[in-house]
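K.L.:
Structure of the sequence below:
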Amino acid sequence: MSKNGKIIGVISLKGGVGKTSSVANLGAALASEFGKKTLIIDANFTAPNLGLHLGLVEPGATIHDILLGKADVNDAIYEHESGFHFIPGAYISRKVNPFKLKHKIGYLKDHYDMILIDSSPNLNEEILSTMIASDELLVVTSPDYPTLSTTLRAVRLAKQKKTPITGLILNRVRNKKFELSIEDIEEAAGVPVVSVLPEDISVLESVTATNPVALHKPKANAAIGYKKLAAALIGENYKDPRLWSRVKSMFKKDIAKDNINRLLMENERK
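P.N.:
Next up, the predicted model:
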């Protein structure tokens, strides 16, 4: 493609909410399901693990080498078997200047339809560098008060840096009464929830298999959720291929709020 390529930073200010899994799965879905030329980048410079999620245990050149001027970008791009490309980090991390990220990767928008950045989960220069390098942001959160408080900080910081926030990915939802509702989270953050992903053991299985759940178990609930969001990000609609899910949706009286938000996003991007 493409001079219309877009860089989306995926952020959170709390570890363990599924940020890296979200990046890997959105990248896999965009490439395998929708044929988009996709690159995902590990910008968690202090504690990178995107490569491990994808089965790359001993990367040669990494994002650290790129920022240190020791390697060309093309030398650090690896291809996953499903078709998307990725730039891993060095597991024994070295001190880098994170603010070089925008300069080093900006031109890649001419070569990719979509670039996704996996950011640091800490309020430091690393997450700021992702915000500065991105055209827009997705914020990963979960439906509990501790995570919501960190989400509000991430949203506030992004607004200060004037990087648009596309929406919240609400992950690990168990549909329990003690969980915060979508409405509560949207009201507090002032940002729409664009994806609700259920707690799904298939995701843990896929991490162990070092293969995104969108590929490892393509009909798992979480996999379908990622594909729906990936479609909306590129202005397309994804219909759940599972017969039972389509039957259940026919009898639902209300349309889920995240479905409405994705539909709005999809129409804006067509």
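
K.L.:
Helix or strand next in line after the lowest-mean-pLDDT helix or strand in the chain, which one?
P.N.:
The helix or strand with the lowest mean pLDDT-type score in the chain, counting by mean pLDDT, DSSP states H and E, is helix 243-250 (a mean of 70). Next helix or strand after helix 243-250 toward the C-terminus (DSSP states H and E): helix 257-269.

K.L.:
Packing partners of that next one?
P.N.:
Helix 257-269 makes packing contacts with strand 165-173, helix 182-189, strand 193-198, helix 221-233 when contacts are defined by 3 or more C-beta pairs under 8 Å, 6 or more residues apart in numbering; DSSP states H and E. Bear in mind the C-beta positions are built from the backbone N, C-alpha and C, glycine included.

K.L.:
want to throw these into TSV with distance to Asp113 and mean neighbour count?
P.N.:
Formatted as TSV, these follow (distance: least, C-beta to C-beta, whole Å; neighbours: other C-beta atoms under 10 Å):
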stretch	distance to Asp113	mean neighbour count
strand 165-173	16	23
helix 182-189	28	16
strand 193-198	19	23
helix 221-233	10	25
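
K.L.:
I'd like these laid out as TSV, including mean pLDDT and distance to Thr210.
P.N.:
What follows is these, written out as TSV (pLDDT from 0 to 100; distance: least, C-beta to C-beta, whole Å):
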stretch	mean pLDDT	distance to Thr210
strand 165-173	96	20
helix 182-189	95	31
strand 193-198	96	20
helix 221-233	97	16
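
K.L.:
Next, format those as a markdown table and append distance to Gly5.
P.N.:
As requested, these are arranged in a markdown table below (distance: least, C-beta to C-beta, whole Å):
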| stretch | distance to Gly5 |
| --- | --- |
| strand 165-173 | 16 |
| helix 182-189 | 27 |
| strand 193-198 | 20 |
| helix 221-233 | 12 |
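
K.L.:
Ok, which of the ones you listed comes nearest Gly51?
P.N.:
With C-beta to C-beta as the measure, helix 221-233 is the member of those nearest Gly51 (19.4 Å).

K.L.:
name the helices or strands packed onto the closest one?
P.N.:
Here helix 221-233 touches helix 19-32, strand 193-198, helix 201-208, helix 213-216, helix 257-269, going by 3+ C-beta pairs under 8 Å, 6+ apart.

K.L.:
Pick the most buried one from those.
P.N.:
Among the helices and strands packed on helix 221-233, helix 19-32 has the highest mean neighbour count (mean count of other C-beta atoms under 10 Å), at a mean of 27.

K.L.:
returning to what we had before: for Gly15, which of the helices and strands packed on helix 257-269 is the nearest?
P.N.:
strand 165-173 (12.6 Å).

K.L.:
then the closest one to CSV, C-alphas only?
P.N.:
The C-alpha trace of strand 165-173 is given here as CSV (Å, rounded to 0.1, in the frame of the first residue of the first chain):
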residue,chain,number,x,y,z
ILE,A,165,-7.8,8.0,21.5
THR,A,166,-9.9,5.7,19.2
GLY,A,167,-11.3,3.7,22.1
LEU,A,168,-10.9,1.3,25.0
ILE,A,169,-10.4,-2.4,24.7
LEU,A,170,-12.2,-3.9,27.7
ASN,A,171,-10.4,-7.2,28.3
ARG,A,172,-10.9,-10.2,30.6
VAL,A,173,-14.6,-9.6,31.2
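
K.L.:
Tell me which strands that strand pairs with, and in which orientation.
P.N.:
Here strand 165-173 is paired, per DSSP bridges, with strand 136-141 (parallel), strand 193-198 (parallel).

K.L.:
tilt between the last one and helix 182-189?
P.N.:
Note on geometry: by axes from the mean of the first three to the mean of the last three C-alpha atoms, to 10 degrees, strand 193-198 and helix 182-189 are set 130 degrees apart in direction.
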